[in-house]
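1. what shape does this take:
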Amino acid sequence: MDTAKRTFLCRCTSSAPIVADTVSIEFSWPGPAPRGGQFFLIRPKRTGVFLGRPISAAGWEQRAGGEGVLSFLVARRGRGSAELADLRPGEEAELTGPLGNCWADAVNQIDDAGKNPAALVAGGVGIASLVLFARELGTRPFDLYAGFRSGSYGLEGLTPRSLIIATEDGSQGVKGRIPDFFKPAGYSAVFACGPEPMLKALSAACAAAAVPCFVSMEKHMACGVGACLGCTVKTINGNRRCCADGPIFNAGELCFDE
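-> Next up is the predicted model:
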């Protein structure tokens, strides 16, 4: 995959809160379209941090006039993400991407030929990584499991065979967390993005059911192309770089306990 950096100073075209501490934000983007699972390093022009924050692309649209628009879901977790969440339309940010591998690379590793549906499992803003992928699946059937602390978001325009929502506070769907009830048997593969404890639990369940599982990992990043080795992921085959070798990995190769 081409890892050449593409960096542009981009204008924020929209920013809107969707749930507590999470916003949906859009930027103009003159570069190439991302694939589902890829991410961008985003650094506001008005910033107090040195490094951009890695954020998965949640949407891409080529609008009238040729201008591309990227959308992201940003959760306030620290100073850098708070700056992104506070951006207003008209402000600018430096975007670098699209970076990393994509879910389509994982699909190519499955010896199933579309006979069984896939399961897409998201936790919180992890839904962003799976939105573009869901649209890329075309007519291939999939079930979508989406877990949130309270309420739900990011599900508009998706057409899963079945949508299962879980919330920790019971405000919507099933009360609890997806790993508490998810059964991987019968799926061609499981594709998941969310908090690492969720990914670890899903990986164990899939291993027990002999179902392939692929997960998108989240690590602190600096360069975004594997040069600095600052986002190491431990695997049974040695250390890998989350930004350049991932962020999507075969869960069976990850060492979650280390």
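2. show me where the stretch 1-150 of the chain has its strands.
-> 7-19, 22-29, 39-44, 53-56, 59-62, 68-75, 92-99, 118-123, 142-148 (DSSP state E, counting those that start in this stretch).
3. nearest to Met198, of those strands?
-> strand 118-123 (4.7 Å; C-beta to C-beta). Quick note: C-beta positions are derived from backbone N, CA and C, even for glycine.
4. so what touches the closest one?
-> Contact with strand 118-123 is made by 129-130, 133-134, 137, 140-148, 154, 160, 178, 182, 184, 187-195, 198, 202, as judged by C-beta atoms under 8 Å, 6 or more residues apart in numbering.
5. buried subset of the residues you listed as a ChimeraX selection?
-> Typed into ChimeraX, the line below selects the buried ones among the contacts of strand 118-123, using 16 or more other C-beta atoms under 10 Å:
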select :129,130,133,134,137,142,143,144,145,146,147,148,154,160,178,182,184,187,188,189,190,191,192,193,194,198,202
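6. return the subset of the contacts of strand 118-123 lying in helices.
-> Ser129, Leu130, Phe133, Ala134, Met198, Leu202 (DSSP state H).
7. show me the two of these that sit farthest apart.
-> Farthest pair in the ones in helices among the contacts of strand 118-123, by C-beta to C-beta: Ala134 and Met198, 18.2 Å.
8. which SS class is the spatially closest residue to Phe256 that is not a sequence neighbour?
-> Among residues not flanking Phe256 along the chain, Lys200 sits closest, at 4.2 Å (C-beta to C-beta, 6 or more residues apart in numbering). Put simply, Lys200 is helix when judged by DSSP: H, G, I helix; E, B strand; the rest coil.
9. how deep is Lys200 tucked in, by neighbour count?
-> 16 (other C-beta atoms under 10 Å).
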